[in-house]
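*Asks:* requesting a structural model of the entry that follows:
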Amino acid sequence: MVAPQLRAVLSRSADDAFRTGDRTPVVVVPGVFETWRFLQPVIEALHRRGHPVHVIDVLRWNRRPVAEAAAQLDAYLEEHRLDGVVLLAHSKGGLVGKYAMSLGRSAPRIRSMLAVASPFGGSSYARFLLAPSLRIFRPTDATIVALARQEEVNARIVSVYARFDPHIPGGSRLAGARNVALRTGGHFRILAHPRVLAELALLAP
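*Replies:* Below you'll find the predicted structure:
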């Protein structure tokens, strides 16, 4: 996890550096305590394939409540008049993306989402954490419960996750979604797994 964190701090790439391309637009939603630069290797690979990749710099380290982060995603989609987008989300980003897909005002602009290691059912560890930005992952949290009821969008979500995730002991399986369980472990290193780009290629031609 150290290398991605260092990249997030040291990278000088501009937030508009990857917006060119004529293929399906991809919008990146990072996890908690992550900036978009945490996913920069995947962003660069998508951009090389011809996808315009949009990042939401105003999310910063994504510590706001899910609904607030989803509102920022909504605002970005409207400001840039993006339609038919595919979301690429990691961890908490999957909750933000599902909120925008099901309850956001820009929901019609989102075609689908690839969520990597996202705690759709919350994490049993969150109840032991003091930081408000982490306690929101309790399985009984109001947002987690509300999102679980929004089942109609699940068919447009691909959930990719490791068979063992030390941060999400209950796993990332989402009923009604396409679930891809990889024979690996980890919450962060899974982003480098080639299956992530392979699944994105299916969602974003």
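*Asks:* what segments of this protein are helices?
*Replies:* In the chain, the segments counted as helices under DSSP state H are 2-10, 40-48, 66-79, 92-103, 132-135, 142-149, 194-203.
*Asks:* quick one, which of these is packed in tightest?
*Replies:* Across these, the average number of neighbours (mean count of other CB atoms under 10 Å) peaks for helix 92-103, which reaches a mean of 27. Where you see a C-beta, it was placed from the backbone N, CA and C, and this is true even at glycine.
*Asks:* what helices or strands is it leaning on?
*Replies:* Using 3 or more CB pairs under 8 Å, 6 or more residues apart in numbering; DSSP states H and E as the contact test, the elements touching helix 92-103 are strand 26-29, helix 66-79, strand 85-90, strand 110-116, helix 142-149, strand 157-164.
*Asks:* got a list of contacts for the shortest one?
*Replies:* Put plainly, it is strand 26-29. With contact meaning CB atoms under 8 Å, 6 or more residues apart in numbering, strand 26-29 is reached by 36, 39, 43, 46, 51-56, 59, 62, 69, 73, 76-77, 82, 85-90, 93-94, 96-97, 200, 204.
*Asks:* was I right about residue 123 contacting residue 171?
*Replies:* No - contact status for residue 123 versus residue 171: not in contact, 10.0 Å apart, counting by CB atoms under 8 Å.
*Asks:* quick one: low-confidence ranges for the protein?
*Replies:* Using pLDDT under 70 as the threshold, the predicted model of the chain has low-confidence ranges 1-12, 125, 129-130, 133.
*Asks:* just list whatever residues bridge to the residue nearest in space to the middle of it.
*Replies:* When CA atoms, centre = their mean is applied to the chain, the residue found nearest the centroid is residue 89 (1.4 Å). Under DSSP bridges, the beta-bridge partners of residue 89 are residue 29, residue 115.
*Asks:* relative to residue 165, how far out is it?
*Replies:* The gap separating residue 89 from residue 165 is 15 Å, by CB to CB, to the nearest Å.
*Asks:* repeat for residue 63
*Replies:* With CB to CB as the criterion, residue 63 and residue 165 are 21 Å apart.
*Asks:* tell me which of the two has more neighbours.
*Replies:* When residue 63 and residue 165 are compared for neighbours, residue 165 comes out ahead with 21 against 17, by other CB atoms under 10 Å.
*Asks:* looking at it, the more buried one is touching residue 172, isn't it?
*Replies:* Yes - checked against CB under 8 Å, the pair residue 165 and residue 172 is within contact range at 6.9 Å.
*Asks:* need the overlap of contacts for these two.
*Replies:* Between them, residue 165 and residue 172 have residue 117 as joint contacts when contacts are counted by CB under 8 Å, 6+ apart.
*Asks:* mind listing what the residue lying closest to residue 91 once chain neighbours are set aside touches?
*Replies:* Nearest-residue entry for residue 91: residue 31, 2.9 Å, with adjacent residues in sequence omitted and distances by CB to CB, 6 or more residues apart in numbering. Listed by CB under 8 Å, 6+ apart, the contact set of residue 31 reads 38, 62, 89, 90, 91, 92, 93, 117.
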